[in-house]
Structure formats: structure tokens, C-alpha cells
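*Asks:* structure for this input, please:
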Amino acid sequence: MRTKRSTVPHKIIVSDDVRFLTAGQICERYIVSAMWITRRLASDPTFPKPLKFGPHTRTRRWVRADLLAWEKHRAAWSEVQHAKRI
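*Replies:* I've put the predicted structure just below:
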């Protein structure tokens, strides 16, 4: 007996904090150039690494939650540096 396949698409439930950003979206968010991202990846070990989708692709995406955590870390570090100067 042949079973009937469902025509209803499956919904993938993803947490609200898992959102992927492109390099262009990061440039808009921080008002920087694409070269800034390249330099940050090379020089700042705390900057989130992008995910690559596929072994032979140049497509990179950053997890939004990772970037938000990095922003908080940078803000806290900046406050500490400012307090040291006072």
C-alpha cells in the first residue's frame, strides 16, 4: 500500500537569538567597511568567526547572538580602560 505524502511544509523552529548576518549587514550595523571585518578577524581574537556554508563556498554568515556578546564584551572592556585613565 502506498502512503500519501504530506504537502504541508515542515517548520523549522529556531530560537529568536539565532539569526545570521551577512558581511554587508555587519558593515551597516557598525558603519564600517568590508576591509574592517577582514582586519578585525585577523587582529582581534575575540571577534566572532563566521560560519561557512559548504566546503567550497565563500558565503559567510555571523551569528547575531555572538556579535551581541562581542559588543557587550567590548563595552565592558572600554569602561575598564576609561576607569583606569581617571
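*Asks:* quick one: buried residues of the helix or strand in which Glu71 is found?
*Replies:* In this structure, Glu71 sits in helix 64-85 according to DSSP states H and E. Neighbour counts over helix 64-85 (16 or more other Cβ atoms under 10 Å) mark Arg64, Asp66, Leu67, Trp70 as buried. Where you see a C-beta, it was placed from the backbone N, CA and C, and this is true even at glycine.
*Asks:* from these, which is closest to Pro48?
*Replies:* Lowest distance from Pro48 to the buried residues of helix 64-85 (Cβ to Cβ) belongs to Asp66, with 3.8 Å.
*Asks:* leaving out sequence neighbours, find the closest residue to that closest one.
*Replies:* Pro48 (3.8 Å; Cβ to Cβ, 6 or more residues apart in numbering).
*Asks:* do a quick rundown of the strands in this structure.
*Replies:* Applying DSSP state E to the chain gives strands spanning 20-21, 51-52, 60-63.
*Asks:* residue closest to the middle of this protein?
*Replies:* Among the residues of the chain, the one closest to the centroid is Trp62, at 2.4 Å (Cα atoms, centre = their mean).
*Asks:* for it, name its beta-bridge partners.
*Replies:* Trp62 forms beta bridges with Leu21, as assigned by DSSP bridges.
*Asks:* these two touch, right, it and Gly24?
*Replies:* No. Look at Trp62 against Gly24 with Cβ atoms under 8 Å: they stay out of range, at 11.2 Å.
*Asks:* surely Thr46 and His73 touch.
*Replies:* Yes. If you go by Cβ under 8 Å, Thr46 and His73 touch, sitting 6.1 Å apart.
*Asks:* just checking, which helix or strand of this structure averages the lowest pLDDT?
*Replies:* Taking mean pLDDT, DSSP states H and E as the measure, the chain has helix 64-85 as its least confident helix or strand, at a mean of 83.
*Asks:* spatially, what comes nearest to Leu51 if we skip its sequence neighbours?
*Replies:* That would be Arg61: by Cβ to Cβ, 6+ apart, it lies 5.3 Å from Leu51.
*Asks:* ok, that neighbour - how many residues close by?
*Replies:* 16 (other Cβ atoms under 10 Å).
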